[in-house]
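Provided below for reference: sequence and predicted model.
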Amino acid sequence: MSKKLLCLAALILISGIVSSTEGADQIFFTELFEDDNFVARGWYDGTFLRSTTEHIPGSTSSAEFHFLQDASSTGYGGRIAVPESDRVYLSFYIKHSTSWIGSGVGYHPHQFHFTTNMDSVWVGPASTHSTLYIETVGGEPRLALQDSQNIDEGNIGVDLTDITEERAIAGCNGDSDGYGDGQCYLSGSSHRNGKHWGAGAVYFQHTPGAYYKNDWHFIEAYFQMNSIVDGKGVADGHVKYWYDGDLIIDHEDVMLRTGEHPTMRYNQFLIKPYIKPTSAPGSPVDQTFWVDDLMVANYRVGSYSLTVNSGSGDGSYEEGEVVAISADVISGLTFAEWTGDTAGIANIYSANTTITMPAQDVTITATYTGTQTYLLTVNSGSGGGLYEEDQVIPIAANAPPTGEEFSHWAGDTAGIADVNIASTTITMPPQPTTITAIYKPLGGSIVTKEFGDAVNSDYPGTVADTWARAGMSNNYSSDVQLNTYTWPDNVIANDIIIKWDLSVIPPDATVTEATLYLYQTGSDEDLLYDLPVHKIINVNPDISTLSWETYDGIHSWTGGADGGQSDIATAEDTQAVNLTNNEYKTWSVAAMVQEWVTTPSSNFGMMVNSDAVATRDSCRYFASSEAADNTTRPKLIVTYTTALTGDSEPDGDVDFDDYAEFALHWGQTNCNDLNDWCGGADFNHLDDVNLDDLKGLTDNWLAGVE
């Protein structure tokens, strides 16, 4: 839209009456900062300093906000009333000085705000019934909310979400929408709160490039209040943020008001830049940002969202833009047609076609005919193939190698009739399935142990974990969450690194199964997100100090500042992880665990990597070993077989020599690899010589004796 048209729209709207606009798309006002007649255009409570040297192409001036060092305010800014609305959209261009670092801490500066009709037109934005924040912290875009005037001061720290609607939603009274309890802190004699939604990456960067802070960037933000149903707030509010047209914050399941305020509407926009770290009087340096061509409306002006179910092509597009769409290829099914908002589709009967974007959001779905089949893979056995859901398939293990016997079936075993029988059946689940026949040495023992700090761990204290974030030198080993994230499209922005202490497993053990469990706590964007797990090679990371830049706080990764992407082996397992939260996701990692057991010096840990072919902002978050709830922490469950139990010498048989060695160490404790596991009498390597070891001796008595 041209500046002339925007200016005309502004003049028409400012001369009108401020009233509710729900249901009608409307541009509330534009501010081009081309002259000083701000009061005439409705601004009050301040004015703006115009810069004629910094502005976007086609403009002659912008608004300048200059922080002197130690100053908490620029001295400029203002407020303007907007029609009452349950949804607001803000767009503007912004540029930062080369000296710009923001506050230097994890909060501030505050920059742009919306307040509501629940408060005075002169209200301070820091403590209201609802204030929205659009700002950048440490180079990361952030949308935030505080509703401190709603705090129930008599129930600080009490979760009131299922008790009353007379509560705060941004902190102090519980988690209303699954995005955390928010901040809750004392300010004078009362509490304040706040919660935010971040982009997960640094978009205003210090070095020249596509995300350079000293270039002009086009920013858009959109908020839509959640529904009130039967007097209760429903978590279906929207918070969205676009950076140069790319949607980088996108949530449609947030709570922005409770049933206590069903008539709450946004009615005021503010620009009030403010920096005040608790440890400093104000801005840490002399720094400036500029704003040009600002608009406030109740809908996103100029582009619309396309949602493609069972296919690809999702995104935000301009009206009239021609977008390629493709249906997913699904085994056993034949594409039939596109359904939904199909008016702009070139050919609804073609799996690969285009849609011309209309002036509205669009949702389309690929539909199919036929019966879907799923692949069954049987390793070391027979019965594999393509089968329909619930089909019963006979499976059989291959003949065991010399000196071994069938032990059990491993892998996706939920549908197997009896995992301990070599010839049995499996009922096909609605997903690709892999099972493996497992063998053990004749007379050997099968041991299954859990490592980590989860509630049922056999060996607590055997895990250390962290995650690394692109462009950051921070260490996150104390975080309660492990993050994977893709940004921008098809670029890895986070990775997870985990190390396990497996020294209790005998070096001669054969690992038959090893499963990594991570508890998913959050997700966004792509319906399926491929997360590979890799063995770390080349360097031995220090979990407590590593970052995206270094593996130990000092030394760079082999490929430089790449979060270890150059120091990983080929992925051992990749899982297409769905959006379902609050459950464990699993990966098979037997090969790397076997290598670590056989050669402990090779144990540099594992990396769970982000999806390298995914939509930007796609992510999966998991509980870390620091999580307060020990039922959600990472765990590694390992099943392994040992050599002939009872052969303490060892010489291939169980006889009186073994009995004598066993009797010599009976009752001994503190067995370990330094004392050869009590002379070999601690057969199961579980610290002491007891009845379990005696059972191994008697079960295999005279085995191997000729």
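Perfect, I can see it now. Predicted, not measured: the structure shown is a model, and the values here were computed from it.

and residue 31, how far is that from residue 116?
Going from residue 31 to residue 116 by C-beta to C-beta, to the nearest Å gives 21 Å. Any C-beta I mention is one placed from the backbone N, CA and C, and that applies to glycine too.

Pull up the pairing partners for the lengthiest strand in the chain, direction included.
In the chain, with assignment by DSSP state E, the single longest strand is strand 510-524. Partners of strand 510-524 in the sheet, by DSSP bridges, are strand 583-588 (antiparallel), strand 619-623 (antiparallel), strand 635-644 (antiparallel).

Tell me the helix or strand right after it.
Counting by DSSP states H and E, the next helix or strand C-terminal to strand 510-524 is strand 529-535.

Just want the angle from that next one to strand 619-623.
60 degrees (axes from the mean of the first three to the mean of the last three C-alpha atoms, to 10 degrees).

How about residues contacting strand 529-535?
Residues outside strand 529-535 that contact it (C-beta atoms under 8 Å, 6 or more residues apart in numbering) are 484, 486, 516, 523, 568-578, 585, 587, 589, 592, 595, 604, 606-611, 613-614, 618-620.

what distance separates that strand from the middle of the whole chain?
Between the centre of strand 529-535 and the centre of its chain there are 14 Å (C-alpha atoms, centre = their mean, to the nearest Å).

For that strand, list every residue counted as buried.
Neighbour counts using 16 or more other C-beta atoms under 10 Å place 529, 530, 531, 532, 533, 534, 535 of strand 529-535 among the buried residues.

what's the farthest-apart pair in those residues?
529 and 535 (21.1 Å; C-beta to C-beta).

circling back to that earlier point, pick out whichever of the buried residues of strand 529-535 sits closest to residue 60.
Closest to residue 60, out of all of the buried residues of strand 529-535 and judged by C-beta to C-beta, is residue 529, at 46.0 Å.

From residue 572, how far off is that closest one?
Distance from residue 529 to residue 572, by C-beta to C-beta: 18 Å.

now do residue 345
Taking C-beta to C-beta, one finds residue 345 at 41 Å from residue 572.

ditto for residue 375
For residue 375 relative to residue 572 (C-beta to C-beta), the value is 19 Å.

need the helices for the chain, in chain order.
Assigned by DSSP state H, the chain shows helices spanning 3-14, 590-598, 656-664, 676-679, 691-699.

Just list the residues touching the closest residue to residue 159 other than its chain neighbours, thanks.
Spatial nearest neighbour of residue 159, excluding adjacent residues (C-beta to C-beta, 6 or more residues apart in numbering): residue 174 at 3.4 Å. Counting by C-beta under 8 Å, 6+ apart, residue 174 makes contact with 158, 159, 160, 161, 167, 181.

same deal with residue 69?
Applying C-beta under 8 Å, 6+ apart, the residues near residue 69 are 282, 283, 284, 285, 286.

again with residue 252
Taking C-beta under 8 Å, 6+ apart as the test, what residue 252 contacts is 236, 237, 238.

Of those - the most surrounded one?
residue 237 (23 neighbours; other C-beta atoms under 10 Å).

how far away is the closest residue to it other than its chain neighbours from residue 608?
Leaving aside its chain neighbours, residue 237 sits nearest to residue 226 (3.5 Å; criterion: C-beta to C-beta, 6+ apart). Distance, residue 226 to residue 608, using C-beta to C-beta: 33 Å.

higher neighbour count, those two?
Neighbour count, other C-beta under 10 Å: between residue 226 and residue 608, residue 608 has more, with 28 against 22.

Looking at strand pairing, list the partners for that one.
residue 496, residue 533.

per-residue confidence at it?
We note a pLDDT of 98 for residue 608 in this prediction.

Who are the contact partners of it?
482, 484, 495, 496, 498, 516, 518, 531, 532, 533, 587.

Distance check, it against residue 60.
51 Å.

quick one: low-confidence parts of the stretch 551-700 of the chain?
Applying pLDDT under 70 to the stretch 551-700 of the chain flags residues 643-653, 673.

same thing with the chain?
1-23, 403, 442-445, 643-653, 673, 703-706.

Show me how it divides into domains.
Here the domain parsing of the chain from automatic domain parsing is 3-297, 303-370, 374-442, 446-640, 645-699.

if we can go back for a sec, which of the contacts of strand 529-535 are buried?
Looks like these have 484, 486, 516, 523, 568, 571-573, 575, 577, 585, 587, 589, 592, 604, 606-611, 614, 618-620 buried, using 16+ other C-beta under 10 Å.

Okay, buried residues for stretch 161-174 please.
161, 165, 167, 168, 169, 170, 171, 172, 173, 174.

Alpha carbons only: can I get that stretch in CSV?
The C-alpha trace of stretch 161-174 is given here as CSV (Å, rounded to 0.1, in the frame of the first residue of the first chain):
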residue,chain,number,x,y,z
THR,A,161,-6.8,-22.3,36.9
ASP,A,162,-9.5,-25.0,37.8
ILE,A,163,-10.8,-23.1,40.8
THR,A,164,-11.8,-19.6,39.7
GLU,A,165,-11.8,-17.1,36.8
GLU,A,166,-10.9,-14.3,39.2
ARG,A,167,-7.1,-14.8,38.8
ALA,A,168,-4.1,-13.7,36.8
ILE,A,169,-3.0,-15.6,33.7
ALA,A,170,0.5,-14.2,33.3
GLY,A,171,1.9,-15.3,36.6
CYS,A,172,1.3,-15.8,40.4
ASN,A,173,-1.9,-17.8,40.1
GLY,A,174,-1.0,-20.9,37.9
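
And it, how far out from the chain middle?
25 Å.

Could you do stretch 589-605 as well?
Per C-alpha atoms, centre = their mean, the centroid offset for stretch 589-605 relative to its chain is 28 Å.

OK, contacts around residue 68?
282, 283, 286.

What about these, which one has the most neighbours?
Of these, with other C-beta under 10 Å as the count, residue 283 tops at 28 neighbours.

Any idea what the nearest residue to that one once chain neighbours are set aside is bridged to?
Among residues not flanking residue 283 along the chain, residue 67 sits closest, at 3.8 Å (C-beta to C-beta, 6+ apart). Residue 67 has the following beta-bridge partners by DSSP bridges: residue 287.

Check whether residue 67 really touches residue 276, as I assumed.
No: look at residue 67 against residue 276 with C-beta atoms under 8 Å: they stay out of range, at 10.9 Å.

what number of residues lie near residue 430?
10.

swap that for residue 354, sorry
16.

Identify the bridge partners of it.
residue 324.

which residues does it contact?
322, 323, 324, 325, 345, 346.

Show me which of these is closest to residue 423.
For these, the nearest to residue 423 is residue 325 (47.1 Å; C-beta to C-beta).

and the closest residue to that closest one other than its chain neighbours, how far is that from residue 304?
Sequence neighbours aside, residue 313 is the residue nearest to residue 325 in space, at 3.7 Å (criterion: C-beta to C-beta, 6+ apart). Note on residue 313: its distance to residue 304, by C-beta to C-beta, is 13 Å.

What are the buried residues along stretch 110-121?
For stretch 110-121, by 16+ other C-beta under 10 Å, it's 110, 111, 112, 113, 114, 115, 116, 117, 118, 119.

Can you measure across it, start residue to end residue?
Stretch 110-121 has an end-to-end distance of 19 Å (criterion: C-alpha to C-alpha, to the nearest Å).

and that stretch, how far from the chain's centre?
That offset, for stretch 110-121, works out to 30 Å (C-alpha atoms, centre = their mean).

residues making contact with that stretch?
79, 81, 84, 88, 90, 92, 123, 125, 128-136, 149, 221, 223, 261, 263-275, 289.

now stretch 48-64
3, 32-36, 38, 65-66, 74-78, 93, 95, 216, 271, 288, 290-294.

can you do 10 Å?
2-3, 31-36, 38, 47, 65-66, 74-78, 92-95, 97, 216, 218, 271, 288-294 (C-beta atoms under 10 Å, 6 or more residues apart in numbering).

That stretch spans what distance, first to last residue?
7 Å.

Return the distance of that stretch from the chain's centre.
38 Å.

which parts of it are buried?
Buried residues in stretch 48-64 (16+ other C-beta under 10 Å): 48, 49, 50, 51, 54, 55, 59, 61, 62, 63, 64.

now stretch 308-322
Those would be 308, 309, 310, 311, 313, 314, 315, 316, 317, 321, for stretch 308-322 by 16+ other C-beta under 10 Å.
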